[in-house]
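Engineer: Pasting the sequence and the predicted model now:
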Amino acid sequence: MTEFETLWSEIAGIGRVGRLGGYRRFAWTEPDLVLRQWFVDCADRRGMSTEQDRNGNLWAWWFPPGWAGDPRDAFVTGSHLDSVPDGGAFDGPLGVVSAFAAVAQLQEAGFEPRTPIGVVAFSDEEGARFGVACVGSQLSTGALAPERALGLRDSDGRTLAEVLEAAGRDPRSVGQDRRLRDRVGVFVELHVEQGRALDLLDRPLAVASSIWPHGRWRLSFTGQANHAGATRMVDRRDPMLAYAASVASARSRAVQHGCVATFGKLTVQPNGANAIASSVESWLDARAGSQNALDLLTREIFTDAAEHAAAEGVQLQVSAESESPIVEFPRALRDRIARALTAFGEVPVLESAAGHDAGVLSAVVPSAMVFVRNPTGVSHSPDEHAEPSDCRLGVAALAALMKEWAAA
């Protein structure tokens, strides 16, 4: 068994639930805490020093012989360990496992870096528990204000501040990490492709050119609870009707503009089969190839929703929960990566419609992404997949990049 397969098997059962085998590795829950300890143990076995920064992100450092003090201008790679509800195995963990496997590969070959090499696991990338994505990296770069982050609530009403305190962390410590610029020379995130472009191109690896602008918005429809049988249709103020019409409109608008729009989460009150709902809380995820296209799409979706609400005598409130601008990864950096990976054949350049920690970090340090083929094209689902042979190529690619940067 290869190093990658050994490490993969160590975490395969953590947080796995249900008949279909999806994962629920939400931030600061038991599976996440177990994975955090696995990260530390994995680093220890490779003689790497570890730290948990002020925002809960985990770092493991492989220092050159005789290195003293903090890392500086390091080559850093990694991803995240948390998941969406019933998510797949590869989104996030592939990048962390591959990073440790690449370090082991170089150590076994006797390679000694001249600059530090880091492996990182960012905290709460998916935002599945508190509703905001990339919390750990956003806090560290200053993109997310500490007071807003600490006030985020999970479905049980617990704030992030309360959850951190229960996990033995001081909530007052969270905030911008001004050491990033000096410590990280380059960040390269290896990630399973979330789409089928590589499968259609018959290539195992790709480099990212950009990340689409995207965001999450909460649409709250408020009507009047009433009896499902005794209330005349003409007398109803049913928020479910306004919500359903808004979902259909959002899809039509997205298709019209060549964008994507998804309502994937909602809560209903009082949530009774024989009661007209009093309120529907829903969340829109919208993404587009440009900021102008995204602005146009969301403006039309919100206008449509307001019209549907008015038609049903329902109130609508729209609030933004997160908005991420377009990310253009540095061309010189991705060209250097492509040159370093010439041994792997042609490496296509792909844009990504999914958000990543690399996109957040790109505002502070030079960042890039390498994708590993996903033959199903499915992600955020138990059907997400990458072939072992492609995963091994991903490890070899990371090892080549580490060697390229840390030998200079």
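Structural biologist: Structure's in. What do you need?
Engineer: alpha carbons only for contacts and neighbour counts from here, please
Structural biologist: OK.
Engineer: What residues of the longest helix along the chain count as buried?
Structural biologist: Ranked by residue count, the top helix of the chain under DSSP state H comes out as helix 291-311. Applying a neighbour-count criterion of 16 or more other Cα atoms under 10 Å, one finds 291, 293-295, 297-298, 300-302, 304-309 buried in helix 291-311.
Engineer: Likewise for stretch 91-98?
Structural biologist: Neighbour counts using 16+ other Cα under 10 Å place 91-98 of stretch 91-98 among the buried residues.
Engineer: Next, count neighbours for residue 57.
Structural biologist: Counted by other Cα atoms under 10 Å, the residues lying close to residue 57 total 20.
Engineer: ok, it to residue 376 distance?
Structural biologist: To residue 376, residue 57 is 30 Å away according to Cα to Cα, to the nearest Å.
Engineer: and what of residue 194?
Structural biologist: Residue 194 sits 9 Å away from residue 376, taking Cα to Cα as the criterion.
Engineer: Pick out whichever of these two has more residues nearby.
Structural biologist: Taking other Cα under 10 Å, residue 194 and residue 376 do not tie; residue 194 has more neighbours (23 against 15).
Engineer: Name the nearest residue to that one, ignoring sequence neighbours.
Structural biologist: Leaving out its chain neighbours, the residue that sits closest to residue 194 by Cα to Cα, 6 or more residues apart in numbering is residue 379, at 5.5 Å.
Engineer: and if you look at residue 171?
Structural biologist: Nearest residue to residue 171, sequence neighbours excluded (Cα to Cα, 6+ apart): residue 161, at 5.3 Å.
Engineer: just to revisit the earlier point, which other helices and strands contact the longest helix of the chain?
Structural biologist: With contacts taken as 3 or more Cα pairs under 8 Å, 6 or more residues apart in numbering; DSSP states H and E, helix 291-311 sits against helix 239-257, strand 279-287, strand 315-324.
Engineer: Select, out of the ones you listed, the one closest to residue 111.
Structural biologist: With respect to residue 111, and counting by Cα to Cα, the nearest of the helices and strands packed on helix 291-311 is strand 315-324 at 38.7 Å.
Engineer: now the closest one against helix 291-311, angle please.
Structural biologist: When axes from the mean of the first three to the mean of the last three Cα atoms, to 10 degrees is applied, the directions of strand 315-324 and helix 291-311 differ by 160 degrees.
Engineer: Name all residues that make contact with the nearest residue to residue 320 once chain neighbours are set aside.
Structural biologist: What sits nearest to residue 320 in space, not counting adjacent residues and going by Cα to Cα, 6+ apart, is residue 217, at 4.4 Å. Counting by Cα atoms under 8 Å, 6 or more residues apart in numbering, residue 217 touches 283-285, 318-322.
Engineer: got the angle between whichever helix or strand residue 217 is part of and helix 239-257?
Structural biologist: Residue 217 is part of strand 214-222 when elements are defined by DSSP states H and E. Using the same axes, to 10 degrees, the direction of strand 214-222 lies 150 degrees away from that of helix 239-257.
Engineer: Note down every partner strand of strand 214-222 and its orientation.
Structural biologist: Here strand 214-222 is paired, per DSSP bridges, with strand 279-287 (antiparallel), strand 315-324 (antiparallel).
Engineer: Isn't residue 226 up against residue 275?
Structural biologist: Yes - counting by Cα atoms under 8 Å, residue 226 touches residue 275, with 5.8 Å between them.
Engineer: which stretches of this protein have low pLDDT?
Structural biologist: Along the chain, segments meeting pLDDT under 70 span 408.
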